[in-house]
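>>> Mind looking at a prediction? Sequence and model below.
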Amino acid sequence: MKKIFFILLSILTSPLLAQYPIILSQRDQTSVIDELTDDKLKNLLPTLMRREGVDMWVIISREYNEDPVIKTMLPATWMAARRTTMLIAFDKGTDVEFLAVARYDVGKVFKRAWDPDKQPNQWAQLGKLMEERSPKKIAVNKAPIWGHADGISANDYDEVVNALSPKLKSHVVSAERLAVAWLETRSEKEMTIYPQICRIAHQIIAQGFSDQVIQPGVTTTEDVVWFYREEIKKLKLDTWFHPSVEIQRAGKDESTVIRPGDLLHVDFGITYLRLNTDTQQHAYVLKAGETDAPEFLKKAFQKGNRLQDILTSHFKEGKTGNQILADTRQQALAEGITPSIYTHPIGYHGHAAGTTIGMWDMQGGVAGSGDYPMHHRTAYSIELNATVTVAEWRKDIRIMLEEDGYFDETGFRYIDGRQTELIVIPKPMDNVK
């Protein structure tokens, strides 16, 4: 039976039946990534450096020990740092100078600033460049809160300090807030392409939650999980975590075989053009004679949507994640909703740097990242759940939702909308009654 199912699955999920938005070739993807990176370095980084009061940012990484930040600045055809890669961004006041202490340019923006034939010692050359510019602050990626901003190794940090004169040693500071700003802030060009990335993720989820993949009584949750993994590979995309599919149902049966009457849940994400998605949705498997999900499940789902609305209504520039969390929980509880909120930034990383709004086991606030203020032009995975008592099943269920959204001067919006109705399996056909 299992072998037959997988043969059917391979036929049903052929490219002729699975229609997605255009996904660029590997070659075209590199061009887009480089264009996005160059634009952000030239047109956004100077503003962020001035906002955070940093006039020199030094980013250093050795091959196989990559700094999370440097990976977002390298050319798309560089899979990683090469040997010891050193990048400098120096704000001269009128413009930002981009230097690579390397044997060659790093992309189009960072220009070569080291000739090993004249100065064999790379660290000495780095020190010379810093001394010549005499910055007020030399920011390096050493950080107590965000691992994303803590990419310099202990050895490389010592080398930076040793390369400086006694006067400039005291100018070395943490680049944590600048690194977070770089990672969390989305450019206009990025936000032009992000909706289609989220749409691709939504459509892959819908493909998995359909009768083209699920045969009730045969298909298991693991079958659907591995459909998602294979589909991601087939489409030449990547994922930053292994997806999961779970069942909630009446009674105590814990079988992973999907059956009519089951409420399904998926947690799924893709990586495309260096940007990530993170989505959780629900589907209902129709029983014989049903054409829609039962009203009690639809009402439970509405509570999840309402919790989303409460949370995003409290988004405000300068407000910390912990303040947003506390205000949201207070309002939700007053409305009779039992909330659990664990919303995080999204972008270059799935669980990205920036304002943290709760964690599943920290509903009273998150020290450090939860104290960080929210900024405009930042993206978030609105991740949460509402616990709902379902009398018809004589148990509590959780409506677990996650959708990617964007916050700017105009307010909050979902990047590609959000799920507002349960997916039903099979999808009703207009010409069949």
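Received, thanks. Fair warning: this is a prediction, and the values are worked out from it, not measured in the lab.
>>> which residues of the stretch 201-350 of the chain fall in strands?
Under the criterion DSSP state E, counting those that start in this stretch, the stretch 201-350 of the chain contains strands at 244-248, 263-268, 271-272, 275-276, 279-285, 338-341, 344-345.
>>> Point out the one among those strands that comes closest to residue 396.
strand 338-341 (8.4 Å; C-beta to C-beta). (Each C-beta comes from the backbone N, C-alpha and C, glycine too.)
>>> That closest one: partners in the sheet, and parallel or antiparallel?
Counting by DSSP bridges, the strands paired with strand 338-341 are strand 378-390 (antiparallel).
>>> Give the buried residues for the partner strand.
Using 16 or more other C-beta atoms under 10 Å as the test for burial, strand 378-390 gives 378, 379, 380, 381, 382, 383, 384, 385, 386, 388, 390.
>>> do you know how far the spatially closest residue to residue 406 that is not a sequence neighbour is from residue 186?
Distance criterion C-beta to C-beta, 6 or more residues apart in numbering; nearest residue to residue 406, sequence neighbours excluded, is residue 379 at 5.0 Å. Between residue 379 and residue 186 the distance, using C-beta to C-beta, to the nearest Å, works out to 5 Å.
>>> what residues are shared contacts of those two?
Taking C-beta atoms under 8 Å, 6 or more residues apart in numbering as the contact criterion, the common neighbours of residue 379 and residue 186 are 194, 347, 406.
>>> isn't the second one right up against residue 277?
No - under the criterion of C-beta atoms under 8 Å, residue 347 is not in contact with residue 277, lying 10.3 Å apart.
>>> With neighbour numbers in mind, choose between those two.
Each of residue 347 and residue 277 had its neighbours counted (other C-beta atoms under 10 Å), and the higher figure belongs to residue 277 (30 against 23).
>>> Is the more buried one in contact with residue 196, as I believe?
No - with contacts counted by C-beta under 8 Å, residue 277 stays clear of residue 196, the gap being 10.8 Å.
>>> quick one on the thing from earlier: nearest to residue 431, of the buried residues of strand 378-390?
Closest to residue 431 out of the buried residues of strand 378-390 is residue 390 (33.2 Å), distances taken as C-beta to C-beta.
>>> Not counting sequence-adjacent ones, nearest residue to the closest one?
In this structure, residue 390 finds its nearest non-sequential neighbour in residue 397, 5.3 Å apart by C-beta to C-beta, 6+ apart.
>>> Would you mind measuring from the one you found to residue 183?
Taking C-beta to C-beta as the measure, residue 397 and residue 183 are separated by 35 Å.
>>> Check residue 207 too.
Note on residue 207: its distance to residue 183, by C-beta to C-beta, is 31 Å.
>>> check contacts around residue 370.
Contacts were defined as C-beta under 8 Å, 6+ apart; by that measure residue 370 touches 320, 321, 322, 325, 355, 356, 357, 358, 362.
>>> okay, now the second one: neighbour count?
When you say that, I think you mean residue 321. 26.
>>> surely it meets residue 362?
No - using C-beta under 8 Å, residue 321 is not in contact with residue 362; the gap is 10.6 Å.
>>> got the domain boundaries for this protein?
Following automatic domain parsing, the chain resolves into domains at 45-183, 186-425.
>>> got those as JSON lines, with distance to residue 22 columns?
Putting the domains of the chain into JSON lines (distance: least, C-beta to C-beta, whole Å) gives the following:
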{"stretch": "domain 45-183", "distance to residue 22": "18"}
{"stretch": "domain 186-425", "distance to residue 22": "8"}
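>>> Got a ChimeraX select line for the buried ones in the contacts of residue 370?
Selecting just the buried residues from the contacts of residue 370 in ChimeraX takes one command, with 16+ other C-beta under 10 Å as the test:
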select :320,321,322,325,355,356,357,358
